[in-house]
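> fold the following.
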Amino acid sequence: MALIAALLATFIVLGIPAGSAQAATTPDGQEITAFYFGGNITNNDKPVADVGMSVEGNGFKGKTKTDADGKWRLYVPKKAKYTITVDEDTLPKGVIIDPSKLPQGVKAVSGTSGAFEASFGLTGTKIVNLFLGQGERVTESFWNQLLSRTFNGLNFGLLLALASMGAALIYGTTRLGNFAHADMVTWGGIVAVLFTSFWSLPLWLGIVAAIVGGGLLGWALDVGLWAPLRRRGMSVVPLMIVSIGLALAMRYIFQFVIGGGTLQLPGASPKPWNLGPISLSYIDVITMAVSLVVIIGVGLFLTRTRIGKATRAISDNPQLAAATGIDVDKVIRLVWILAGALAAVSGILWAYFRPGVKWDMGVQMLLLIFCAMTIGGLGTAFGAIIGSIIVGIAVEVSTLWIPSDLKYASALAALIIILLVRPQGLFGRKERLG
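Numbering: from 1, shown residues only. Below you'll find the model as predicted:
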């Protein structure tokens, strides 16, 4: 309770408006706003149902389907230019959107047959009626799609590795599977958006504040909760249950404070560059560079410094490490600080990758974090890196064959396959049980 009160007090001191009401949503999960695109899809004057539609732009993404009357509506947060995409796999065979019948203010995106740019007029509503006609769909080749999604998967895997490394270090030194680690990721994004969007401070200052805030959160959690429980000799299973309760408490405090909407960091969703089949932006380049630099830095810390070597010694055998004079509690506290800072960096990069900061955005990574840790070998930071890259690539590439809504299930498939071959994970050690 003291920790929850401290979190609430932190928000109040920082000036975040508490008690934001959660916005109303449509049956398909869209947040209802004052601005939307809508219309009908017809084929020979007959409505076409269950056609997948999506909208993207200005750091926002949304999707829906046409109803039985061919009607659709896509809500957006503000008046701006957006890209509307029709999932052509859901259209009848042999037809495409007729580009000659696009309404005023809507133009086809070059190189595609199902994507269109649209902007609002004087009102907050833009009607985009779409008509089907005979035509050949413009699609990328399988190998181009494979290359593009492999690149996206590598990008996602690297930012996932930052969170997974921290969680792996915590597990290695304490044997705690921390279910609140995903919310530590969310915390980094929230602090960054607070300093940039709420206070209009420079982005670099928001990033520094998020990293410092992540480290302080890790320190506070260990001082206020985990260290006292360790001193009481609590076993692993009750600790894991406590972490689940902590995760829920943090998550709904975040929702209470910032509401259920999505907030954007500065520079989200910039115009991409096209390098052959690969589409990337300067944000993607920065994200991958930052991830690699941080991963290399943590690797050097673990292998070249005394504290890093002590951390690895505790992971191998905490009793023997204590017997050799290593201050186990001090090292564990430093691990929590490091894990909090890594989670905060991952949260910032995740907010740009999604894009957007939301109260539960870290939860989408939770199972993937544990999946990456298990694939690499529980408690092994370097294994968590390899596991994260495998998970990231599997998640993105799997959308070539399965719906994007199911892509995270592919990570579990990769986990099962690897554990069937090597139960201890790629870099784990065999252990005798019983």
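
> list the buried residues for stretch 106-116?
Val106, Thr112, Ser113, Gly114, Ala115, Phe116 (16 or more other Cβ atoms under 10 Å). (Each C-beta comes from the backbone N, C-alpha and C, glycine too.)

> got it, and stretch 303-312?
If you call a residue buried by 16+ other Cβ under 10 Å, then stretch 303-312 has these buried ones: Gly308, Ala310, Thr311, Arg312.

> again with stretch 73-92
Here stretch 73-92 shows 73-77, 79, 82, 84-88, 90-91 as buried, counting by 16+ other Cβ under 10 Å.

> of those, which belong to strands?
In this view, these that belong to strands under DSSP state E are Arg73, Leu74, Tyr75, Val76, Tyr82, Ile84, Thr85, Val86.

> report the beta-bridge partners for the last one.
Read it as Val86. Met53 (DSSP bridges).

> ranges for the strands of this protein?
Secondary structure of the chain (DSSP E): strands located at 35-43, 46-47, 52-57, 60-65, 71-76, 82-86, 95-97, 106-108, 115-118, 125-127, 130-134, 273-275, 278-280.

> which one of those lies nearest to Gly29?
Counting by Cβ to Cβ, Gly29 lies closest to strand 60-65 out of those; the figure is 8.7 Å.

> between strand 82-86 and that closest one, find me the angle.
Relative orientation of strand 60-65 with respect to strand 82-86: 30 degrees, computed using axes from the mean of the first three to the mean of the last three Cα atoms, to 10 degrees.

> residues contacting strand 60-65, please?
Defining contact as Cβ atoms under 8 Å, 6 or more residues apart in numbering, one finds that strand 60-65 is touched by 26, 28, 30, 49-56, 72-77, 82, 90, 262, 264, 269, 354-356.

> pull out the buried members of those.
If we count by 16+ other Cβ under 10 Å, the contacts of strand 60-65 have these buried: 30, 51-56, 72-77, 82, 90, 262, 264, 269, 354-356.

> just the mean pLDDT for stretch 183-194, thanks.
Taken as a whole, stretch 183-194 has an average pLDDT of 94.

> which residues touch that stretch?
For stretch 183-194, contacts defined as Cβ under 8 Å, 6+ apart pick out 14, 16, 163, 166, 206-207, 209-211, 213-214, 217-218, 246-247, 250-251, 254, 258, 263-265, 339-340, 343-348, 350-351, 357-363, 365.

> quick one, helices of the stretch 51-200 of the chain?
With DSSP state H, counting those that start in this stretch applied, the stretch 51-200 of the chain shows helices at 142-174, 181-193, listed in chain order.

> same list (those helices) but as JSON lines, adding mean neighbour count.
Below are these laid out as JSON lines (neighbours: other Cβ atoms under 10 Å):
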{"stretch": "helix 142-174", "mean neighbour count": "23"}
{"stretch": "helix 181-193", "mean neighbour count": "29"}
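
> quick one, which of those gets closest to Ile296.
helix 142-174 (11.3 Å).

> Pro277: which of the helices of the stretch 51-200 of the chain is closest?
Shortest distance between Pro277 and those, using Cβ to Cβ, is found for helix 142-174: 3.5 Å.

> that closest one - contacts with which helices or strands?
For helix 142-174, the elements it packs on are helix 181-193, strand 278-280, helix 282-304, helix 306-316, helix 328-353, helix 363-376, helix 381-397, judged by 3 or more Cβ pairs under 8 Å, 6 or more residues apart in numbering; DSSP states H and E.

> what is the mean pLDDT for that helix?
90.

> ok, back up a step: closest one to Gly172 out of the buried residues of stretch 106-116, please.
Using Cβ to Cβ, Ala115 comes nearest to Gly172 of the buried residues of stretch 106-116, at 45.9 Å.

> which residues does the nearest residue to that closest one once chain neighbours are set aside contact?
Setting aside the residues directly before and after it, Ala115 is nearest to Val109 in space (Cβ to Cβ, 6 or more residues apart in numbering), at 4.0 Å. Shown in contact with Val109 (Cβ under 8 Å, 6+ apart): Thr83, Ala115, Phe116, Glu117.

> one more: Gly215?
Contacts for Gly215 (Cβ under 8 Å, 6+ apart) come out as Ile337, Leu338, Gly340, Ala341, Ala344.

> surely His181 meets Tyr171?
No: applying Cβ atoms under 8 Å, one finds His181 not in contact with Tyr171, separated by 9.6 Å.

> endpoints of stretch 394-401, how far apart?
This stretch, stretch 394-401, spans 11 Å end to end (Cα to Cα, to the nearest Å).

> shaky segments in the stretch 151-300 of the chain?
In the prediction, the stretch 151-300 of the chain carries no residues with pLDDT under 70.

> surely Trp219 and Val335 touch.
No: using Cβ under 8 Å as the test, Trp219 is too far from Val335 to be in contact (10.7 Å).

> looking at those two, which one has more neighbours?
More crowded of Trp219 and Val335, by other Cβ atoms under 10 Å: Val335, with 23 against 16.

> tell me the contacts of the closest residue to Gly94 other than its chain neighbours?
Distances taken as Cβ to Cβ, 6+ apart put Gln134 closest to Gly94, at 6.3 Å, once the chain neighbours are dropped. Counting by Cβ under 8 Å, 6+ apart, Gln134 makes contact with Gly94, Val95, Ile96.

> nice, that's everything, thank you.
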